[in-house]
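>>> This is a predicted model, with the sequence first.
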Amino acid sequence: MTVIRAENLHKYFGPIRALQGVTVEIPEGLTLILGPNGGGKSTFMKVALGLYKPTKGRVELLGKDPWRHPEARKNVGVAFDPGRFPKMTTGREWLEFIARGRGAGTDDIEDIARLFGIHDALDRRIDGYSSGMLKRLSLAQAFIGKPELIFLDEPLANLDFESVAEIVKIVDRWKESGKSFVIISHIWEPFEKLADYGVVISGGKVYLAGPFEDISGEVEKFFRPPSLTGG
Ligand SMILES: Nc1ncnc2c1ncn2[C@@H]1O[C@H](COP(=O)(O)OP(=O)(O)O)[C@@H](O)[C@H]1O
Ligand SMILES: [Mg+2]
């Protein structure tokens, strides 16, 4: 099954050409989207979610045009980077809001909060959360309602070494249970073993795409210029 299909996808913000003809088919499983800052990764995610209207070209999310059929998003969880939250609300109120927006029940909020280590903070106001806790809250929101597809934009940013291992383990376990992931990360090594497919987006275009094991060598080269490897 294909989770995202894009064909000649363009997205401009005024004079800024964030996406300039992205054609890609992302299969189920775990896909890593990599590339330099400002390359268009987050824009691609938002267009694929139907949050931005494409300037040109087509995109399908789980087989539907997400702009015309926002219900395609019902079974999709998202963690944005940076996460944005209404500061006056509590973590629990925020996660309830997310669950309702997705038409999901609120019965798994406690479990998911415990999974991400923010259970004790659920009834505190978000403006008292540390940056690590905000990251955990944004990750938790993507898992609420156990969606079949989960987008994580820079899930490892602002996390310490142990937390990184913990988050990767959660993703691994959910992947094993049959969930699909699209993960945008410039810290990709921890996810390398879990990745089925990889897409490098640079300058608003797909620079490289394919089964991760086939492209991992190229990915290495892309991120480590020969002049720096000392070889
Ligand atoms: N909402 C927006 N309005 C204007 N420009 C934007 C917007 N979102 C992204 N951009 C621009 O589009 C380009 C791609 O950004 P982005 O998709 O965030 O890249 P990445 O996630 O790969 O770092 C950048 O030049 C960025 O400044
Ligand atoms: Mg980004």
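Arrived safely, thanks for sending. Ligands and ions are numbered 1, 2, ... in the order given.
>>> show me where the protein has helices.
41-48, 91-101, 109-115, 131-143, 161-176, 212-223, 226-229 (DSSP state H).
>>> which one of these lies closest to ligand 2?
helix 41-48 (3.2 Å; CB to the ion). C-beta coordinates here come from the backbone N, C-alpha and C atoms, glycine included.
>>> for the closest one, the distance to its chain's centre please.
With CA atoms, centre = their mean, to the nearest Å as the basis, helix 41-48 stands 9 Å off its chain's centre.
>>> hang on, the earlier thing: so which of the helices of the chain comes closest to ligand 1?
Among those, helix 41-48 comes nearest to ligand 1, with 3.3 Å by CB to the nearest ligand atom.
>>> elements contacting that closest one?
strand 2-13, strand 16-27, strand 30-34, strand 56-61, strand 149-153, strand 180-184 (3 or more CB pairs under 8 Å, 6 or more residues apart in numbering; DSSP states H and E).
>>> Would you mind listing what in the chain touches ligand 1?
13, 16, 18, 35, 37-43 (CB under 6 Å from any ligand atom).
>>> so what's the nearest residue to Thr2 once chain neighbours are set aside up against?
Nearest-residue entry for Thr2: Glu25, 5.2 Å, with adjacent residues in sequence omitted and distances by CB to CB, 6 or more residues apart in numbering. Glu25 makes contact with 2, 4-6, according to CB atoms under 8 Å, 6 or more residues apart in numbering.
>>> Run a quick neighbour tally on the closest residue to Gly117 other than its chain neighbours.
Spatial nearest neighbour of Gly117, chain neighbours left out: Arg136 (6.0 Å); criterion: CB to CB, 6+ apart. Counted with other CB atoms under 10 Å, residues neighbouring Arg136 total 27.
>>> that older thread, most neighbours among the contacts of Glu25, please name it.
Neighbour counts for the contacts of Glu25 peak at Ile4, which has 26 neighbours (criterion: other CB under 10 Å).
>>> which strand residues sit across from that residue in the sheet?
Ile26, Leu61 (DSSP bridges).
>>> From Val182, how far off is it?
7 Å (CB to CB, to the nearest Å).
>>> can you list the domain ranges for this protein.
1-28+53-69, 74-187 (automatic domain parsing).
>>> Poorly predicted segments of this structure, please.
225-231 (pLDDT under 70).
>>> dump the residue contacts of the most centrally placed residue in the chain.
For the chain, the residue nearest the mean C-alpha position is Leu152 (2.2 Å; CA atoms, centre = their mean). Leu152 makes contacts with 78-79, 139, 142, 171, 181-185, as judged by CB under 8 Å, 6+ apart.
>>> between these, which is nearest Tyr197?
Val182 (9.2 Å; CB to CB).
>>> Next one: the closest residue to Asp172 other than its chain neighbours relative to ligand 1, how far apart?
Spatial nearest neighbour of Asp172, excluding adjacent residues (CB to CB, 6+ apart): Leu194 at 5.6 Å. Distance, Leu194 to ligand 1, using CB to the nearest ligand atom, to the nearest Å: 21 Å.
>>> which ones are touching Leu194?
Leu194 sits in contact with 30, 168, 171-172, 175, where contact means CB under 8 Å, 6+ apart.
>>> can you list these in TSV and add distance to ligand 2 and neighbour count?
Output for the contacts of Leu194, formatted as TSV (distance: CB to the ion, whole Å; neighbours: other CB atoms under 10 Å):
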residue	distance to ligand 2	neighbour count
Leu30	18	23
Val168	19	18
Val171	18	21
Asp172	23	15
Lys175	22	18
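>>> Format these as JSON lines; extra columns: distance to His119.
Formatted as JSON lines, the contacts of Leu194 follow (distance: CB to CB, whole Å):
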{"residue": "Leu30", "distance to His119": "26"}
{"residue": "Val168", "distance to His119": "20"}
{"residue": "Val171", "distance to His119": "19"}
{"residue": "Asp172", "distance to His119": "21"}
{"residue": "Lys175", "distance to His119": "23"}
